[in-house]
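Asker: pasted the sequence and its predicted model underneath.
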Amino acid sequence: MSEAEFSGTMPVSERQRLDEASLARWLERNLPGFAGLSRIEQFRGGQSNPTFLLTAADGVRYVLRRKPAGTLLPSAHAVDREFRVISALQGSAVPVARPLCLCVDESVIGTVFYLMEFVPGRNFWDATLPGMTAQERAALYDEMNRVIVALHRFDYRAAGLGDYGKPGNYFARQIARWSSQYRASETERIEAMEKLLRWLPANLPAGDETALVHGDYRLDNLIFDPGSARMLAVVDWELSTLGAPLADFSYHVMLWRIPAGEAGGLRGLDLPPLGIPTEADYVARYCARTGRTGIEPRVWEFCMAYNLFRIACIRQGILKRVLEGTAASRHAREAGSRARATAELAWRQVEERLGG
């Protein structure tokens, strides 16, 4: 797969077409200063909540996020939660696009949707950041580290997000939730997944730390300034909640465990000459910024296994949607086909690093 497959926009797919006239009427009533709808395009990236670029008659651009068409898994694709969290993060050290309006009336375009400002900037899909200098790569990685620390230190209670999730027992609740999602989208028996479904809840780490977490903090969900390493926006907050910061951070750091050449992974590369920190250095930087003395190795490896399990569940959900015809792109088919391999990798990691 190439960056060109996911960057930029394309004509709206037939599956995701919406009633443009109805949308325009709603925006004229609910979006101050809206000058009328001129054009709608669909962003290429992403397989979860369809995202569209709207251009108004005066040239102002907006981004629309909606739930996908078709039958959805319980609690999935909660765009109203996305709108709430980016509203709460406005003006904080965590950069987000400015939310503009939320529509919960499904009669307008068939699903709940919201609008936010369009953030022009750089978006990357390859973690090796080809074409950059070592200094530029180092600055971008440091900025990613800084922003996820800012998120985990964000005072969610003061921002009105005290009920955005259930504090405590995060791993137990998430494993139960993803297990349920997996069962709802299961298409065949995967022995490694059956082992994970038993092992994870029986080996929960101690501790009850709670922070606002993104749930999908990765390079392609970050928008950077065109001329510097400054991050302009973190996008795609669908999986955000109150949870364990180490679960969120370890998901981000899984990049170092993915082989080079597979989705832009870093494993196997000589990182220092590239200006990219090693996994150990990146984790140490996070710990220093958050005031941690370190992370107990067994806890860290549990987090890694948990995140691979979660990715396997997500990919299984994509596979189910492919088979049902609600996700038809080549990327969706490829992602769904890797559900089994991801589960097997997760279980192999449990056996090799934690003794099963």
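Answerer: Nice, I can see it.
Asker: confirm E106 sits in a strand?
Answerer: No - going by DSSP: H, G, I helix; E, B strand; the rest coil, the assignment for E106 is coil, not a strand.
Asker: which intervals of the stretch 1-150 of the chain have sub-threshold pLDDT?
Answerer: Counting by pLDDT under 70, the stretch 1-150 of the chain contains low-confidence residues at 1-7, 45-48, 69-77.
Asker: what ranges do the strands span in it?
Answerer: Secondary structure of the stretch 1-150 of the chain (DSSP state E, counting those that start in this stretch): strands at 9-10, 37-43, 51-56, 61-66, 99-103, 113-117, 122-123.
Asker: quick one: the ones you listed as a markdown table, columns for mean neighbour count and distance to A78 too.
Answerer: Where C-beta positions appear, they are placed from N, C-alpha and C, glycine not excepted. Below are the strands of the stretch 1-150 of the chain laid out as a markdown table (neighbours: other CB atoms under 10 Å; distance: least, CB to CB, whole Å):
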| stretch | mean neighbour count | distance to A78 |
| --- | --- | --- |
| strand 9-10 | 12 | 24 |
| strand 37-43 | 16 | 19 |
| strand 51-56 | 19 | 15 |
| strand 61-66 | 22 | 11 |
| strand 99-103 | 20 | 12 |
| strand 113-117 | 22 | 11 |
| strand 122-123 | 18 | 23 |
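Asker: same list (these) but as TSV, adding distance to L271.
Answerer: Output for the strands of the stretch 1-150 of the chain, formatted as TSV (distance: least, CB to CB, whole Å):
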stretch	distance to L271
strand 9-10	33
strand 37-43	30
strand 51-56	32
strand 61-66	34
strand 99-103	37
strand 113-117	35
strand 122-123	21
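Asker: out of those strands, nearest to R285?
Answerer: strand 122-123 (22.1 Å; CB to CB).
Asker: what lines up beside that closest one in the sheet?
Answerer: According to DSSP bridges, strand 122-123 has the following sheet partners: strand 222-224 (antiparallel).
Asker: show me how this protein divides into domains.
Answerer: The record's domain parsing of the chain by automatic domain parsing lists 3-119, 123-354.
Asker: where along the stretch 151-300 of the chain do the strands fall?
Answerer: Ranges of strands within the stretch 151-300 of the chain are 211-213, 222-224, 231-234, 241-243, based on DSSP E, counting those that start in this stretch.
Asker: which of those sits most buried?
Answerer: The highest average neighbour count among these, using mean count of other CB atoms under 10 Å, belongs to strand 211-213 at a mean of 25.
Asker: pLDDT on that one, on average?
Answerer: The average pLDDT within strand 211-213 is 96.
Asker: hmm, who's touching it?
Answerer: 85, 151-154, 156, 161, 164, 240-245, 247-248 (CB atoms under 8 Å, 6 or more residues apart in numbering).
Asker: at 10 Å what do you get?
Answerer: 85, 88-89, 92, 94, 148, 151-157, 159, 161, 164-165, 167, 170, 174, 237, 239-249, 251, 290 (CB atoms under 10 Å, 6 or more residues apart in numbering).
Asker: check stretch 179-188 too.
Answerer: Contacts to stretch 179-188, defined as CB under 10 Å, 6+ apart, come from residues 73-76, 190, 193, 196-197, 200-201, 309-310, 312-324, 336, 339-340, 343.
Asker: any idea which of the strands of the stretch 151-300 of the chain gets closest to E279?
Answerer: Taking the strands of the stretch 151-300 of the chain one by one with CB to CB, strand 222-224 is closest: 18.7 Å.
Asker: now the closest one: average pLDDT?
Answerer: The predicted model assigns strand 222-224 a mean pLDDT of 97.
Asker: repeat for stretch 159-170
Answerer: Stretch 159-170 comes out at a mean pLDDT of 91.
Asker: what's the answer for stretch 256-272, then?
Answerer: Stretch 256-272 carries an average pLDDT of 85.
Asker: just the buried residues of the top helix by length along the chain, please?
Answerer: Longest helix in the chain by number of residues (criterion: DSSP state H): helix 297-324. Of all the residues in helix 297-324, those buried under the rule 16 or more other CB atoms under 10 Å are 300-322.
Asker: repeat that for stretch 195-203.
Answerer: K195, L196, L197, W199, L200.
Asker: for the last one, list the residues it contacts.
Answerer: What that stands for is L200. Taking CB under 10 Å, 6+ apart, we find L200 in contact with 171-172, 174-176, 178-179, 302, 305-306, 309-310, 346, 350.
Asker: report the two of the residues you listed separated the most.
Answerer: Maximum pairwise distance among those (CB to CB): 18.4 Å, between A176 and V350.
Asker: those two: who's more crowded?
Answerer: V350 (24 against 13; other CB atoms under 10 Å).
Asker: confirm for me that the more buried one is in contact with M304.
Answerer: Yes - V350 is within contact range of M304, at 9.4 Å (criterion: CB atoms under 10 Å).
Asker: just the contacts of strand 211-213: which are in helices?
Answerer: Within the contacts of strand 211-213, residues falling in helices by DSSP H are 85, 88, 148, 151-152, 170, 174, 245-249, 251, 290.
Asker: please indicate which of these are buried?
Answerer: Buried members of the ones in helices among the contacts of strand 211-213, counted by 16+ other CB under 10 Å: 85, 88, 148, 151-152, 170, 174, 245-249, 251.
Asker: got JSON lines for these, with distance to P226 too?
Answerer: Below are these laid out as JSON lines (distance: CB to CB, whole Å):
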{"residue": "V85", "distance to P226": "26"}
{"residue": "A88", "distance to P226": "27"}
{"residue": "I148", "distance to P226": "22"}
{"residue": "L151", "distance to P226": "23"}
{"residue": "H152", "distance to P226": "27"}
{"residue": "Y170", "distance to P226": "37"}
{"residue": "Q174", "distance to P226": "36"}
{"residue": "P245", "distance to P226": "30"}
{"residue": "L246", "distance to P226": "33"}
{"residue": "A247", "distance to P226": "32"}
{"residue": "D248", "distance to P226": "27"}
{"residue": "F249", "distance to P226": "27"}
{"residue": "Y251", "distance to P226": "27"}
